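*Asks:* Sequence unavailable; structure follows:
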C-alpha cells in the first residue's frame, strides 16, 4: 500500500508491519493492538512500536503507552466517520505525541487537508488512489479560518494562509 | 507543488454602504474561489467515475446540493439571515436564469432553489461569489448556518448583538478540520435578547448572550435540543461562559460529540441523543475537555470581537420623533394600511424608526416562496428606505430591519404593488410549512397544500384577528422540517397504509416557554384536516378568557375539551 507524506505530497517506503494478535513479533517496526502492547512479554523488546487505535477508543485510554510508541495508526471505517479527527487532535494537543500518526481506512483525497490540519503525518493510500488528486486536494484550499495543529501565516481575524508564501 | 488555482482578482461587489453585514476582504474572496475550485474538482471526479455516488454524496451535500424528487435542490447560505440589497438582486438573477423564476426561503434563514441542473452549479457558485455568497455547509454532517433573531440590531430589548458572535462562529466553523465529518448535522442558534426569538431550546447548541453586573458579555449554553423524530428540549449546560472562552467551550462541546456520538443509526446520531443518554456524564466530559484544552490557542481575542463588531455598527439613524403626523394620519385614514401596519410594523430601538416584517404567506400561496420580481422589489425598497439591508426570518418571512416611520406608507405601497402586503404576520395564516411531497424525497405527505387550504379557510382577516396569535406549523414527515412540535397547532403528515394522515399536536412553543406539543388523538385524512383545525379554534374561542392567546387557553384547560370536540361525535 503506497504511503503518502501528507505535508509535502511525497511517497514514502513503508517499513511498518501490522501484527496480528497471536503472530510472533517481527524484527521490523510493528503495529500492535493496545492489549498486545500491554503484554508483559513485550517488556524487553527494543524495536520500534506502533499502535493501531480503534475509532471507538479514546486516546486517554492508551495514553500510558504513548512514551513507547513511534507511530499511532487511526482509521476511518467510512469516509463519513470522522472520529479519527478528534483522536488525532487529542493525541497531539492533550498528549503531546510527536511521533508519526498514520491515517488508514476508506479515505478520500477530500480528507487530505483536514487530516493534515488535525495532525496526521502519513496516509496509507487506498488501492488505486489517484496520487495527483490527493496532492491537489491537500492544497486547493489554502486559507483557513481557525487554528489547528498547523500554524500558517496570520491573515487578520483568526484566519491564516497554510502554505508557505 | 504548484497551486491548482492562482487567486483570481474579482471586482468587489457594490453593497449599499450602510447595510450591516460582514464585509468580505480579498482574503475571504480568495477563499471562496479556492472553495469553488475544490467543489468543481469534486464534480469532475464524480463525472469521470473516480468518486462513487456514495463517496460524492457527502461532498455535494456539504455544498448544499440535494437530489430531490424532480431535480437537484441547491440551498444557498444566507449567514444568520442577513442580505444586502445587492445580494438579494443577485438571488433574483439566479432564480430567473437557473431556476424557474422564484426561490424558497427556509426556517434556517437560507434560500433554496428547487429546479437547478447539476451542470449549472459551478456557474451558480461563481454568480454567488460575485456578491460574496456561497452554499458552504448548508447541508451535510457539519456545522450549519448559525441562526439569530431577525430583529438583531433593531429590537429595543436587545442586550447583546448576536450578529457579531454568529459571524465569529461562521468563520470558526468554516471548513473546520475536526468538525466536518460529525455523526450528524449541527445547528447553532443565538439570541441576544431576554425574549428568545431564535428558538435556542430546539437547537443542537443554543446560546443566550447576556451581560453580567459588570457589563461583561457571556453566554448561557444550551445543548441537545432538536425536533425531528425524537423531539427533545435542550439542557442548560452552563449559566455563563465568558466571551473570550466561547469558541473554546464550543470546541469542547463538539469534540465530545464527535468522539462519542452514535454513528450506526442515523436516527440516533444527533447530539440530543448523546446528551439525553449520558446525562450528567456528558456535562462532565465537556467540562473536562474544556479544562484541559489550551485556552490561549482557542481564546476569542476581544480585539477580534471589536473588529467584527465594526461590521455591525448602527447605521446612521436620523434623529426623528416617534409617530410622525403624516404616518399617523395615514393610519387613521386608510384601514388597509392600518391593518397591515398592525401586524407588520414592530418597535425599534431608534426613535422614529420601525422594523417591517414582509409576509411571504399570501392567502393560498406557498409559505416562503418569493418570485424574482418580488426579490427585486424588496431590494429596491430596502435601498430606498432601509439602508439596503434585508433579513430572512426563521418563520420564512422577510424583514426590513430599519425603516423610518415616516416612510411606512411608501414602504407599504411598494410592497402592495409587489403582492407582498398580506397583513397576516403573526396571525393564523402566517404558517410554517416544509416543502413536503411536492418537492422532497423524504416526505410522506403533502404539506404545502394543507397550508394553502387552511389559509384559504381562514382568509377573512377579521376572523384571524378574533383568533389572535396562533402559529400553525406543518411538516410532511417525521423529520419535522416544518417544526410541527413547536407550533401552537402542529400538523404532521404521515403515510398510513398508502393514504395521507395528519396528526395534530397542541400547545408547542419555541420561545422562552419552550414546549413540545401534545398529540390530540388519531390522525385526520387530507380532506378533513382543515375542519379539524376549525374545530380546535372554535373550541378555543368558546373557552377563552379575556386576553388569552390560543396557547394560554390551551395551557389552562388542557387537551380534554379539544379531544372531545374533535372525536366525540365521530
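*Replies:* Received, thanks. As the structure is a computational prediction, the values presented were derived from the model and not from experiment.
*Asks:* all contacts plus neighbour counts: C-alpha atoms, from now on.
*Replies:* Will do.
*Asks:* ok, residues contacting the helix ranked longest in chain A?
*Replies:* Among the segments of chain A that qualify as a helix by DSSP state H, the longest is helix A:83-93. For helix A:83-93, contacts defined as CA atoms under 8 Å, 6 or more residues apart in numbering or on different chains pick out A:55-56, A:58-59, A:74-76, A:97-98, A:101, A:114-115, A:118-120, A:149, B:177-179, B:181-182, B:255, B:258-259, B:293-294.
*Asks:* Report how many residues lie close to residue 14.
*Replies:* I'll assume chain A. Using other CA atoms under 10 Å in any protein chain shown, residue A:14 is surrounded by 12 other residues.
*Asks:* wait, I meant chain B there
*Replies:* 12.
*Asks:* cool, residue A:151 as well?
*Replies:* Neighbourhood size, residue A:151 [other CA under 10 Å]: 13.
*Asks:* So which residues of chain A form strands?
*Replies:* A:3-5, A:11-12, A:17-18, A:30-32, A:49-52, A:69-76, A:100-105, A:122-124, A:143-144, A:153-154, A:160-161 (DSSP state E).
*Asks:* Make TSV from the ones you listed and add mean neighbour count and mean pLDDT to it.
*Replies:* Listed next are the strands of chain A as TSV, based on neighbours: other CA atoms under 10 Å in any protein chain shown; pLDDT from 0 to 100:
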stretch	mean neighbour count	mean pLDDT
strand A:3-5	20	95
strand A:11-12	14	94
strand A:17-18	17	95
strand A:30-32	23	97
strand A:49-52	23	97
strand A:69-76	21	98
strand A:100-105	21	98
strand A:122-124	24	97
strand A:143-144	25	97
strand A:153-154	14	94
strand A:160-161	19	96
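*Asks:* Give me the most central residue, chain B.
*Replies:* The centroid of chain B falls nearest to residue B:108 when counting by CA atoms, centre = their mean (2.7 Å).
*Asks:* so how far is residue B:147 from it?
*Replies:* To residue B:147, residue B:108 is 7 Å away according to CA to CA, to the nearest Å.
*Asks:* Output the set of residues of the stretch 251-400 of chain B in proximity to chain A.
*Replies:* B:255, B:258, B:259, B:260, B:263, B:292, B:293, B:294, B:297, B:298, B:304, B:307 (CA under 8 Å from any CA of the partner chain).
*Asks:* quick one: pLDDT of the last one?
*Replies:* When you say that, I think you mean residue B:307. On pLDDT, residue B:307 comes in at 98.
*Asks:* And what about it, helix, strand or coil?
*Replies:* Following DSSP: H, G, I helix; E, B strand; the rest coil, residue B:307 is assigned to helix.
*Asks:* Pull the number of nearby residues for the closest residue to it other than its chain neighbours.
*Replies:* In this structure, residue B:307 finds its nearest non-sequential neighbour in residue A:157, 7.9 Å apart by CA to CA, 6 or more residues apart in numbering or on different chains. Under the neighbour criterion other CA under 10 Å, residue A:157 is assigned a count of 17.
*Asks:* pretty sure residue A:157 contacts residue B:304?
*Replies:* Yes: between residue A:157 and residue B:304 a contact is recorded at 5.7 Å, counting by CA atoms under 8 Å.
*Asks:* Poorly predicted segments of chain A, please.
*Replies:* Where chain A drops to pLDDT under 70, the residues are A:164-165.
*Asks:* Next to chain B in this structure, residues from it, please.
*Replies:* Residues of chain A lying near chain B (CA under 8 Å from any CA): A:56, A:58, A:79-83, A:85-87, A:89, A:93-94, A:113-115, A:117-118, A:136-137, A:139-148, A:155, A:157-158.
*Asks:* need the contact list for the closest residue to residue B:138 other than its chain neighbours.
*Replies:* Counting by CA to CA, 6+ apart, residue B:138 lies nearest to residue B:64, which is 4.8 Å off, once chain neighbours are set aside. Neighbour list for residue B:64: B:73, B:74, B:75, B:76, B:135, B:136, B:137, B:138, B:139, B:140 [criterion: CA under 8 Å, 6+ apart].
*Asks:* which SS state does the first one fall under?
*Replies:* Translated: residue B:73. Residue B:73 - assigned by three-state DSSP - is strand.
*Asks:* and the closest residue to it other than its chain neighbours, what pLDDT?
*Replies:* Leaving aside its chain neighbours, residue B:73 sits nearest to residue B:114 (4.4 Å; criterion: CA to CA, 6+ apart). pLDDT, residue B:114: 90.
*Asks:* And for the helix or strand containing residue B:114, what's in contact with it?
*Replies:* Secondary structure assigned from DSSP states H and E places residue B:114 in strand B:111-116. For strand B:111-116, the external contacting residues (CA under 8 Å, 6+ apart) are B:70-78, B:95, B:98-100, B:102-106, B:439.
*Asks:* Ok, stretch B:437-450 next?
*Replies:* Here stretch B:437-450 has contacts from B:67-70, B:114, B:366-367, B:433-436, B:474-477, B:493-495, B:500-501, B:526, B:529-530, using CA under 8 Å, 6+ apart.
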